[in-house]
Structures are given as C-alpha cells and as structure tokens.
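Chemist: I would like the atomic coordinates for the input below:
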Amino acid sequence: MAIETHFDVGFVSKLTAEEKQIQQNYRPVIGVHKWFARRPGALFRSLLLAEFTNGVPLSENYYRGHSLEGLTIADPFMGGGTTLFEANRAGCNVVGFDINPMAFWVVRQELVSVDRGEFRRAAERAIAGVEREVGDLYKTRCVKCRHDVPVKYFLWVKEQRCGGCSKGVDLFPGYLVAENERHPFFVLHCPGCKGLVELPALEKGSPAKCPSCSLSFDWQHGTAARNRYTCSCGHEGKYPAELRVEGPPRHRLFGMEYHCPHCRDEHKGRFFKAPDPEDLARVTRAEKLLRSLGDLRLPDDDIPDGDETKRLHRWGYSRYREMFNERQLLSLGLLMRQIAAEKDVEARHALATVFSDCLRYQNMLCRYDSYALKCQDIFSVHGFPVGLIQCENNVLGIPGIGSGSFCHFVEKYDRAKAYCEAPFETLKSGSKKRLLPIAGERIDAKLVQRIRDVKGSRRAMLRCGSISDAEISPESFDAVFTDPPYFDNVQYAELADFCFAWLRLLLGDEFREFARRSTRSMSELTGNQTTGKGLAHFTEGLARVFSKAASGLKPGAPFVFTYHHNDVEAYVPVVVALLDAGLVCTATLPCPAEMSASLHINGTGSSIVDTVIVCRRPDGATVKSPKLGRVPIRELLLADRIALLRAEVKCTRGDLFCLSLGHLSRVVLTKLLPEWDREAPVAVKIELVERRLRAAFEKCEVDAVVDEVLSAVVPADDLGLRCEVLQTSLFDKVPHRAH
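Modeler: Have a look, this model is predicted:
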C-alpha cells in the first residue's frame, strides 16, 4: 500500500496549491485546448510516483526523471487528460475513455507529436491569407497621429427596443469602461455625446462631468439593472423577456481600444476612442462581404435546451452562429477555410485545435475586464454568462499585444508542445521561480486502437465512449487514476458544444467522433434537470464505470480518484459505486485542487481542497477503517488541517466540511461492504447509503466539529506532523471477504 504510506500530503499540497495559481505556467501542455475543472498535474504525478517507485520519499523522487516502462495506467473519465499525460510523461502506457468527443480530441492532441516548425509555418500561411482579405476591417485611425492602426478590442452595448416610444435603448449597467489601475485615467462612456472621456479622478456617489459636452451624469448607474431598463422617454420595461419575439440581442458599437506603434513611445497608457464614421463603415462592409460569400462554411446548429443553455434561449439565441457578429463570422469562416486547405495532416489538426480553443475569446458573450483591460473568456465562470457590455476581439490579433486572438493561441499551442518535448518542474523559493528540466521524460504517445495493443512503452488507447461498454480483460491495468464528474457541478457537454459546432466542420470527414451534431449524450454522467438526469441516473452510471474499470485491475493495484462536494447527497453515488465495484477505501487524503480566486467559485464559500480517495480490492485482507464518532472525525480533520498548514494552505470551513464528508464516506463504505447486495434496485441502494451517511453525519456532529477544528490553535511544533500519524485507537480493523 504505497500511496497510503508514501503520499506526503504537506509536500504535495504545496506543489498543487502553487500550480493552481498559474496552472498553464506549471503545466504548459494544458494550453493545447481549454478543458474544465482540471486537477493539478503535480497531484497525479505524485500519486504515480508514490505507488510505483519503491518507497523513495516524494520530496527526493519528485524532481527526478522516471521511466516506468511496462506499466499501464487507465482513466475512465479522462476529461482534459491530466492523468494520461502525467503517466505518459513517466514512460507508462495509458488507456483513456470519455464520452465527450471534445475531451477525446483534447487528449489526443496533447499526446501526439507535431513538427513544430511546420506547424508555425502553416499558421503563418493561414494568418497571411485571412489578413489579405479582412485585415482592413480591424483597423482604425489613431486620434493622435492619424495613421491607420490595428484595433485590439471593440466594445459593444446591448440595445433594447423601448416598449413605449419604440426607439433603441442602450442597456448600460454603468458607464465605466476602464479603471485607472493599468491606465493613467478613468475611461467613461458619456451618455450625452456618446464619446469616450478620460478623467483623472472619480468619486463613488458623485457624478462625472464630460469635458466634451459638459453633461454631469451618474457614472455608476446606467439605464439597465436587474432585468429592467429606463428609456429617455420615461418608459420602464423588462429585458431580456421582450427580446424573445425579436431574436438574438442587437448591439451598438460604442468604443474601441487600439494599438498605435507610431505614438506608443510618447503616449501614456492605453489608446481608447469612440467609433468614427470610418469605423462604422467597416462594420457595414463586413456585413456585406459576409453576405457575398455564400459558400463560406459556418455552423448552423440549433442550441438545444439545457441547464446552462436555457440562459441563451432567454436572451433570444437559438443557433450557435448567433453568438457571433458578422465580422467575427466572416473572419472565422475565412480562417477555417485556410486551415481546411492545409496539406500537412498533423499541422492541420493542430491549427484546427488552436482555432477551436480561440473561439472562447471570439464571440459576442465575451466581456471587457475594466481592471485588467483585456477580453475575458466566455467560460471564465463555467457557463454562458450574458452581459450587457460585450467585447469583440481582433480575430487574428496583434503579435505581442493583447490576448485571446488566433496568433496568441498559436504561440500557446507551440509552448505546450515544446513542454511535451522537454518537460520541466517549477521550483519556487520566496518570490523567485526556477525551471528545472526533468531529463529523460517527454509527452509523446503512439496511438493504438485496442487495449490489447497497449504494450511496450508510451502506447495510448483513447476512446470516445464509456468504459462500461468496452471489453476489459482481467489484470489489464496497473492502476486506475481518475477525476470523475462531481454530480452537477459542470455541464461539460453543454459548454463543449460551443466549440464542437465549429470543430466538427473541420474534422467531421476524418473522425467518426465528429460526425455527430452534438457532444451531448443521455449517457453523460452529470445531474441535469433539463434532461431529467438525477441522482439515480448518476449513481447507476458511476457504478457501471467503477465496476468495469476495477475489473481490469491487477491484484493489489490502486483505484484512486479525487472528489469534493459540499452536499452529503453527492457522496451517495460514490459510496454505491465503490460498493458495487467491490472496492474498499484504504485512505482519504486532502489535497488542494482549485484556485481560490477562480471566477466560478470566488466568493461562494466552496472548497478548494479535494479528498483523494484511495481504494483497493480487499481480497480477504484486514482493512483499517476510521471509527465512527465525534472524536475520531475531529482528530482526522485536525490532522488534515495540520498537513495543509505545513503547505501554507489555510483551510476554510468549506474545505474542512468537504473533507469530513470524504472521511464519513470511507467509514460508511467499510461498514456496508460485508452485507452489500449489488443486485438490489438502485433506489434501495441509494436509500440505504444516504441513511447511513446522514446518521454518521449527525452522530459525529460534523458542523460543530468543523467549527471546533477551524478555531483550534495549532502549535508551531505540530506543523511537523504527517497526516497519517494518528492514534491507532482511531481505527477499527474490519475483515472483508474477497469479492
């Protein structure tokens, strides 16, 4: 039981907490393409090394090169591929399953090699081709030197037709465009003259005065708030309800940030301007050019109803192409045409991946960050947020300037593949960081089609589908490491369809995984009210996957996964699935796996710490299980907190609460295993496990214990404790029959 005894929680937690702050710098391979809720690579590397490197302490072993040839690591929920590229990097063979074709493609592109020189040359050809056709549409006249210069971002406001006077109403929530943190002045939109004005100072609660038209106005509050607007005629109406009969929202261009290479040396800060007649003419020209290119391939897929997409429907969006304006559709369509014409297969696949990834910064749901002064990713909150102010990015982009454009994503992809050729680890000392190359390791797999062909070194079998439908021979896997879906936390398919609608136009003729019209499937394991997929569906599916994956384990091999949720009910499927799979939990370990500042959890009180749940087949062995009671749970949580404090991770109440549910799940699992009936109806199994979990929760007085542990004063000397150093009296020894 190597992980149980050699996983150094303090050491690993420090690595993962640092990695999650700027994950793409620590693991550039993830820059191949966006995926959601990625776990830290350092966590899965540590699990692998703790299990398979003969008990050498992780602190000594982590920064060495490894060649674990002959081992086969499986992940039944490969998602963004962290388990697989970490195992491949160390020389293992890997087997990955995921029901989502976008996940399949992302992992494939992470593992396959590409001629980086040919890739860059192909990117230059594609950019040059599109630049010739639409480059002028992304220019503006500098207000200082009068040169035509490139635009970084176009700023648009949603318009609503007034229900009183029928005129258009700008839906401004406020008039602040840019703060004075990264620019010398505050930048505001004036509702009077419609210009952009720069002011040296602003006071909250006091009006701003436009230096051009002398209008004093409330800069903090605009015409729209809380789904209600006020027209200048005095009429008050609702949005977006009135848009349903009008289709998708209309927008008005009101501002731009541009880049002037001629003036930048003598100019302080950024360049802002309101659109002039030439700028508006370029918008019209883009619309006409798009209409003239009738053969341009663009997605025409409907947006199906869903838990996340219903927000789009409320705003009048019914097709994916409606989430882009005409200039974006024109430029993206031309760029896709250039990519499709590329003859080098791997370069074409790489460019298609870059194109798909940059879409999240090239749509009319992107927002302009008034503090950071840049375009914000549509998926920054793992959903489809529809704001009132939208940011249109420069599709091709300006090299070295701005972010989120195609040229920037080409650079990101190239950095990802450079890392694959020569992986490194980041050593942090105070505020300084040093890159440490790891000799002898690389990320590069030979793809095979069947599990039985996964032999030798660095073979990879990737399948778009569920492992529960696959033929798995006994003793196929040396370990299963995975990060399963967390019930209803992220609607992966609903979000992935946004890119898939475009990418399938480039790949549908080559890959059967892209022949379908959506990544959605009724077999997807996530709670979804729209499709009626609840706890029973999730439980049954998770149990099938766990059982099939566990059936392929070699004797004594670990089955390890990460999990956190703040609802007791969400742990029921996990316990049922492990019981159906005949696995016993041998350890529940804490490890940071989220960034506390992530927009999708910031301010929610959610946990950033996962429970690493380590399981194995009991095979007649005696297994240690925590006793059930207030004192044992308190001591376990205190040990978790001490281990995390060693890594300078301060536990929140949400962290300790989620960790307590992990420990309780282990207790309930161990006690139920001897009497478990796999053939019982799923409703019966759910009811039994939930009843036991809730009873354990009440007996252990979890809420009170969490508060007690959180407020406990931990002496400095105790920070040297290891998580597994607990009183032996906290454990029961429970014999189990082989399953």
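
Chemist: how is this structure carved up into domains?
Modeler: 120-173+222-404, 566-739 (automatic domain parsing).

Chemist: lowest-confidence stretch among those?
Modeler: Note on the domains of the chain: lowest mean pLDDT is at domain 566-739, with a mean of 83.

Chemist: one step back: distance to Ile438 and mean neighbour count added to the domains of the chain, as CSV?
Modeler: Every residue, glycine included, has its C-beta placed from N, CA and C. Shown next, in CSV, are the domains of the chain (distance: least, C-beta to C-beta, whole Å; neighbours: other C-beta atoms under 10 Å):
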stretch, distance to Ile438, mean neighbour count
domain 120-173+222-404, 24, 18
domain 566-739, 21, 19
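
Chemist: Going C-terminal from the strand or helix carrying Lys624, what's the next secondary structure element?
Modeler: When elements are assigned from DSSP states H and E, Lys624 belongs to strand 622-626. Sequence order places helix 630-646 as the next helix or strand after strand 622-626, per DSSP H and E.

Chemist: what's that following helix packed up against?
Modeler: The helices and strands touching helix 630-646, judged by 3 or more C-beta pairs under 8 Å, 6 or more residues apart in numbering; DSSP states H and E, are helix 9-21, strand 584-592, strand 622-626, helix 653-672, helix 702-711.

Chemist: Distance to Cys190 added to the ones you listed, as CSV?
Modeler: What follows is those, written out as CSV (distance: least, C-beta to C-beta, whole Å):
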stretch, distance to Cys190
helix 9-21, 39
strand 584-592, 46
strand 622-626, 64
helix 653-672, 43
helix 702-711, 49
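
Chemist: nearest to Cys213, of the domains of the chain?
Modeler: Distance to Cys213, taken as C-beta to C-beta, is lowest for domain 120-173+222-404 among the domains of the chain, at 12.2 Å.

Chemist: Relative to the whole chain's centre, how far out is the closest one?
Modeler: 22 Å (C-alpha atoms, centre = their mean, to the nearest Å).

Chemist: measure that domain end to end?
Modeler: 18 Å (C-alpha to C-alpha, to the nearest Å).

Chemist: do stretch 94-109 as well
Modeler: OK, stretch 94-109 end separation, C-alpha to C-alpha: 14 Å.

Chemist: now do stretch 504-521
Modeler: Stretch 504-521: ends 16 Å apart by C-alpha to C-alpha.

Chemist: Let me know the average pLDDT across it.
Modeler: 93.

Chemist: Can you give the distance of it from its chain's centre?
Modeler: 22 Å.

Chemist: Then stretch 114-130?
Modeler: 27 Å.

Chemist: who touches it?
Modeler: The contact list for stretch 114-130 (C-beta atoms under 8 Å, 6 or more residues apart in numbering) reads 331, 334-335, 338-339, 342, 344, 346-351, 354, 395-396, 406-407, 410, 413-414, 417-418, 421.

Chemist: now, which of those lie within helices?
Modeler: The helices, defined by DSSP state H, take in 331, 334-335, 338-339, 346-351, 354, 406-407, 410, 413-414, 417-418, 421 from the contacts of stretch 114-130.

Chemist: ranges for the strands of the stretch 1-150 of the chain?
Modeler: 72-75, 93-98, 139-141, 148-161 (DSSP state E, counting those that start in this stretch).

Chemist: May I have the strands that pair with the shortest one, each with its orientation?
Modeler: So the one you mean is strand 139-141. Looking at strand 139-141 with DSSP bridges, its partner strands are strand 148-161 (antiparallel).

Chemist: After the partner strand, which helix or strand is next?
Modeler: Strand 148-161 is succeeded, C-terminally, by strand 168-170 (DSSP H and E).

Chemist: any idea where the helices of the stretch 401-550 of the chain begin and end?
Modeler: Counting by DSSP state H, counting those that start in this stretch, the stretch 401-550 of the chain has these helices, from start to end: 406-421, 492-507, 535-551.

Chemist: From Ala208, how far off is the residue in the chain sticking out farthest from the centre?
Modeler: What lies farthest from the middle of the chain is Ser214; by C-alpha atoms, centre = their mean that is 45.8 Å. Distance from Ser214 to Ala208, counting by C-beta to C-beta, to the nearest Å: 11 Å.

Chemist: re earlier: closest to Phe498 out of the domains of the chain?
Modeler: Nearest of the domains of the chain (C-beta to C-beta): domain 120-173+222-404, 6.5 Å.

Chemist: Could you pull up the contacting residues of the closest residue to Leu553 other than its chain neighbours?
Modeler: Closest residue to Leu553 apart from its sequence neighbours, by C-beta to C-beta, 6 or more residues apart in numbering: Phe477 at 5.4 Å. Neighbouring residues of Phe477 by C-beta under 8 Å, 6+ apart: 72-74, 95, 549, 552-554, 557.

Chemist: got it, and Pro474?
Modeler: Contact analysis of Pro474 by C-beta under 8 Å, 6+ apart lists 551-552.

Chemist: can you tell me how far it sits from Val283?
Modeler: Distance from Pro474 to Val283, by C-beta to C-beta: 63 Å.
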